[in-house]
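Enquirer: Sequence first, predicted model second:
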Number of protein chains: 2
Amino acid sequence: MKRTVLIFASLIVALLCLFQLSKYSYSSGDTSIEIIIAVIAIVFFFIGVYINQRSSKKRITRDNEEVDQGKIEELGLSKREYEVLVQVSKGLSNKEIANTLFVSESTIKTHVSNLLIKLDAKRRTQAIRRAKILRILPE
Amino acid sequence: MKRTVLIFASLIVALLCLFQLSKYSYSSGDTSIEIIIAVIAIVFFFIGVYINQRSSKKRITRDNEEVDQGKIEELGLSKREYEVLVQVSKGLSNKEIANTLFVSESTIKTHVSNLLIKLDAKRRTQAIRRAKILRILPE
DNA sequence: TCTCTTTTGGTACTTTAGTATGAACAAATT
DNA sequence: AATTTGTTCATACTAAAGTACCAAAAGAGA
């Protein structure tokens, strides 16, 4: 938001500068009005392109990286369960997850079972699917 | 590409129209040159925004939906193997895949085993992971 | 025609995954 | 203090998943 204000402020300043430039050129008479208008058109065209590129980049980043924390709570997933879900989505086995989280495989099995119920999935692959659709997983 | 040419052509036409308008306004003297320039600036600014929005939308769609056919060949995945991979990524079991593709479960197991080797994965969940990273799967 | 790849399918086996159930313990809530 | 919730772990079991090997049939290409 602050950036948008700054950009618009500098746009107005640029516009005023162009006014002065056009007046000067007109009075001196060595530059035709058509060229001035063309330059202004081109400059503002590219300003529009540039500003839009910045905002669209932000949009892409937001959509792809942000995780919907609300839906995690909505599903009733606990912190640990979500951690396990992330590891599952990385393609790790229960034993591997147990090692990375420093708990036993039994614990992971319990978490996965609860995960499947809460995500309404029969298999871990289905859980991954649903989690990605619900925008619960990163990337 | 064709659209880009069309857009630029209409841009030039618009520019010429504005030239004529500015000449008329100047000779009649009832509109100041500043206002004309301001209008042109604003119009071309929004033209820039509009064009960039169109192209950025295309970019988003391309990045998310297009599948890298080259990498599939590179990995040596056959048509059927790729079909199975897609079903696996949807969270289906071997039996379910067998039913949707009208073959036996043994066949699916063979395909999956070959898939895992070609994708350098130990589990189907890992295969899904790698496939998504390689941009082989849709969405 | 012969060869190679793909697709299909089987058997037998091992390994993961997932279910059911019970239980201990800590932390937060009522 | 009593209850609920989350995390931990175990046992015993069933169900998938995956491996290893083999083999037949179809299609494409040399």
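Expert: Received the coordinates, thanks. Predicted model only: the values in this text are computed from it and were never measured.
Enquirer: Please count neighbours and contacts with C-alpha atoms only from this point.
Expert: Fine.
Enquirer: Next, count neighbours for A:V86.
Expert: 18 (other C-alpha atoms under 10 Å in any protein chain shown).
Enquirer: Quick one: mean pLDDT over the one helix or strand it maps to.
Expert: Following DSSP states H and E, one finds A:V86 within helix A:79-89. The average pLDDT within helix A:79-89 is 95.
Enquirer: just for chain A, where's the confidence low?
Expert: Low-confidence segments of chain A, defined by pLDDT under 70, are located at A:1-37, A:51-65.
Enquirer: On the three-state scheme, the residue in chain A that DNA strand D sits nearest to is what?
Expert: Here chain A gets closest to DNA strand D at one residue, A:V103, 3.2 Å apart by C-alpha to the nearest atom of the strand. Following DSSP: H, G, I helix; E, B strand; the rest coil, we place A:V103 in the coil state.
Enquirer: Quick check: the gap between it and B:K95.
Expert: 32 Å (C-alpha to C-alpha, to the nearest Å).
Enquirer: Repeat that for A:T110.
Expert: Taken as C-alpha to C-alpha, the span from A:T110 to B:K95 is 25 Å.
Enquirer: what's the answer for A:G48, then?
Expert: 54 Å.
Enquirer: ok, these two, which is more surrounded?
Expert: Ranked by neighbour count (other C-alpha under 10 Å), A:G48 and B:K95 place A:G48 first, with 23 against 15.
Enquirer: Okay, and the more buried one sits in which element?
Expert: helix A:33-65.
Enquirer: Name the next helix or strand downstream of that helix, please.
Expert: Following helix A:33-65 toward the C-terminus (DSSP H and E): helix A:69-75.
Enquirer: Next, the buried residues of that next one.
Expert: A:I72 (16 or more other C-alpha atoms under 10 Å in any protein chain shown).
Enquirer: same question, stretch A:81-96
Expert: Neighbour count says stretch A:81-96 has A:81-82, A:84-94, A:96 buried, by 16+ other C-alpha under 10 Å.
Enquirer: Kindly export that stretch (C-alpha atoms) in CSV.
Expert: Extracted in CSV, the C-alpha atoms of stretch A:81-96 (Å, rounded to 0.1, in the frame of the first residue of the first chain):
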residue,chain,number,x,y,z
GLU,A,81,-0.4,-33.9,12.9
TYR,A,82,0.3,-31.1,10.4
GLU,A,83,4.1,-31.6,10.8
VAL,A,84,3.6,-35.3,9.9
LEU,A,85,1.4,-34.3,7.0
VAL,A,86,4.1,-32.1,5.6
GLN,A,87,6.7,-35.0,5.9
VAL,A,88,4.2,-37.4,4.2
SER,A,89,3.8,-35.0,1.3
LYS,A,90,7.6,-35.0,0.9
GLY,A,91,7.4,-38.7,0.2
LEU,A,92,8.9,-40.0,3.4
SER,A,93,8.0,-43.4,4.9
ASN,A,94,6.6,-43.6,8.5
LYS,A,95,10.0,-44.8,9.7
GLU,A,96,11.8,-41.9,8.0
